[in-house]
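1. Compute the structure for the input listed below.
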Amino acid sequence: MHIPKISGKENFFVEVLDPKHFSSYIAEEICTVVNVISESHSPVTISLSGGRTPLDVYRCLSSGAFKQQLPWDKIIFFLGDERWTSDLSMRNDVSVSDHLFKDIPKYTFITWEGEDIYQAKDQFVDSVKKYGVLSKGFDILLLGIGEDGHIASLFPGVDYDDEIACIINVEGQTSRVSIGPRLIKSSQRIIVLLRGENKQEIVRKIFFEQNSQISVPAEIIFECKGLVYFFIDFAAAKLLN
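-> As a prediction, the model looks like this:
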């Protein structure tokens, strides 16, 4: 498969997966990588993505053999982006907790918390400094890409107030907080999940359209120096001939 955007780049990998095994395959990859990293240093820092696509991956990780394989006490989980709302049903931290941590007795999960959105951002930045993420990026960073090309909560046409952690204000939408480009580009291993027919066009766009400048935030990925893995299911990969 010849993909212009990653041709000749040895740190980029693309795997097209059967949707039946999509989540379990990625969960197995994460378990393997975490255990390798934890042998050399701990804690292992992992930034989690919100949204629907990774939830099945989180279910796999927190059940069966995967649950027994992960050294939970050696991992610091972060939530990469969040809606700033009092409606708990809309918050990613609640959704992730329900799917990943429901039956895990001991874990560390850094979310966006504070009396206001500015304090939440400051406290998140303090945490990435405390655990060494600011200097070397996350050990593992999970990301999805939206149909419009957004990544984390970095949306097209929106100015970001920070390269580390951002407050996102989009007219007519709930405010958000998000990791910024610096943390994305500096992370050691980036896992990008793309699933479903609705992702076909953005997959084609980010891989094949040649632009001299970034046209959608998701293209930040191609500036990453770490290992970048794109896991794409059959439906999303339909236009990758």
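
2. Please enumerate the strands of this structure.
-> 12-17, 44-48, 75-79, 81-83, 108-110, 140-144, 165-168, 176-179, 189-194, 227-233 (DSSP state E).

3. Mind checking those strands for the one nearest to H99?
-> strand 44-48 (10.1 Å; Cβ to Cβ). (C-beta placed from N, C-alpha, C; glycine too.)

4. Can you name the residues in contact with that closest one?
-> By Cβ atoms under 8 Å, 6 or more residues apart in numbering, the residues outside strand 44-48 that reach it are 30, 34, 37-38, 54, 58, 71, 74-80, 96, 100, 131-133, 138-142, 179, 183, 187.

5. can you list contacts of the longest helix along the chain?
-> Longest helix in the chain, counting residues (DSSP state H): helix 22-40. With contact meaning Cβ under 8 Å, 6+ apart, helix 22-40 is reached by 17, 44, 46, 56-57, 59-61, 66, 69-71, 74-75, 139-140, 189, 191, 193, 195, 229, 231, 233.

6. quick one: contacts for G149?
-> By Cβ under 8 Å, 6+ apart, the neighbours of G149 are 156, 202, 205-206, 215-219.

7. Before we move on, what's the pLDDT of it?
-> On the pLDDT scale, G149 is placed at 94.

8. what's the answer for the one 3 residues further on, then?
-> Per-residue confidence for A152 comes out at a pLDDT of 95.

9. That one is in contact with G80, isn't it?
-> Yes: with contacts counted by Cβ atoms under 8 Å, A152 reaches G80, the gap being 5.1 Å.

10. For the chain, just list every one of the helices.
-> 22-40, 55-61, 64-69, 92-96, 117-130, 133-136, 181-186, 200-208.

11. if I look at the closest residue in space to L239 that isn't next to it in sequence, how far off is I191?
-> What sits nearest to L239 in space, not counting adjacent residues and going by Cβ to Cβ, 6 or more residues apart in numbering, is R204, at 4.2 Å. According to Cβ to Cβ, to the nearest Å, R204 and I191 sit 20 Å apart.

12. which neighbours do A152 and G80 share?
-> 49, 143, 178-179.

13. if we can go back for a sec, who's more crowded, A152 and G80?
-> Neighbours were counted for A152 and for G80 using other Cβ atoms under 10 Å; A152 has more, 29 against 24.

14. Distance check, S38 against L70.
-> 9 Å.

15. The two: which is more packed in?
-> Set side by side, S38 and L70 show more neighbours around L70, with 20 against 17, by other Cβ under 10 Å.

16. Contact partners for the more buried one?
-> 31, 34-35, 61.

17. Same check on K238?
-> Neighbours of K238 in contact, by Cβ under 8 Å, 6+ apart: 197, 200.
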